[in-house]
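In: with the sequence up front, the predicted model follows.
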Amino acid sequence: MMETERKLWIIGFFVVMNVLAFLLMSWDKSRSRKRGAERISEGMLFFMATVFGSVGVYFGMFFLRHKTRKWYFIIGIPLLIVQNSALLYVVYLLLSDVM
């Protein structure tokens, strides 16, 4: 696999996960306005943030004004952005050395 192709796969994966995370935040926000509607758990939102969707969750927090009063989202999601970035960098380095 060529270097450029590897970069595109990593970037593509990151973009897809963040779009999915943003869509989940959007769906949960729309459901939060309806009484008795089934919601996405905060645990699932954090899981999406942990598996490289942290930027999408963060954008969802502020563009949709969703979960911005929860201290654990305000602190946890930026920390997960740092963790995601570091892990993506490590994965990129490992793939560069192996192939």
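Out: Cool, got the structure. What you see is a predicted model, and the numbers here were worked out from it, not measured in a lab.

In: scan the chain for its longest helix.
Out: Ranked by residue count under DSSP state H, the longest helix found in the chain is helix 3-32.

In: can you check the pLDDT for residue 93?
Out: Among the per-residue scores, residue 93 shows a pLDDT of 84.

In: and the one 5 residues further on, by the same measure?
Out: Note for residue 98: predicted pLDDT of 60.

In: returning to that earlier point: report all helices and strands that the longest helix of the chain contacts.
Out: helix 42-48, helix 54-63, helix 71-98 (3 or more Cβ pairs under 8 Å, 6 or more residues apart in numbering; DSSP states H and E). C-beta: built from backbone N, CA, C; applies to glycine.

In: and the ones you listed, which one averages the lowest pLDDT?
Out: By mean pLDDT, the lowest-scoring of the helices and strands packed on helix 3-32 turns out to be helix 71-98, with a mean of 90.

In: hang on, the earlier thing: which one of the helices and strands packed on helix 3-32 is the most hemmed in?
Out: When neighbours are counted by mean count of other Cβ atoms under 10 Å, the highest per-stretch mean among the helices and strands packed on helix 3-32 falls to helix 54-63, a mean of 21.

In: can you tell me the element residue 36 falls in?
Out: When secondary structure is defined by DSSP states H and E, residue 36 falls outside every helix and strand.

In: check the offset of stretch 38-52 from the chain's centre.
Out: Relative to its chain's centre, stretch 38-52 lies at 9 Å (Cα atoms, centre = their mean, to the nearest Å).

In: ditto for stretch 47-67
Out: Relative to the centre of its chain, stretch 47-67 is centred 5 Å away, using Cα atoms, centre = their mean.

In: and for it, what's in contact with it?
Out: Stretch 47-67 has contacts (Cβ atoms under 8 Å, 6 or more residues apart in numbering) with 13-14, 17-26, 28-29, 32, 42, 45, 68, 73-74, 76-78, 80-81, 83-84, 87-88.
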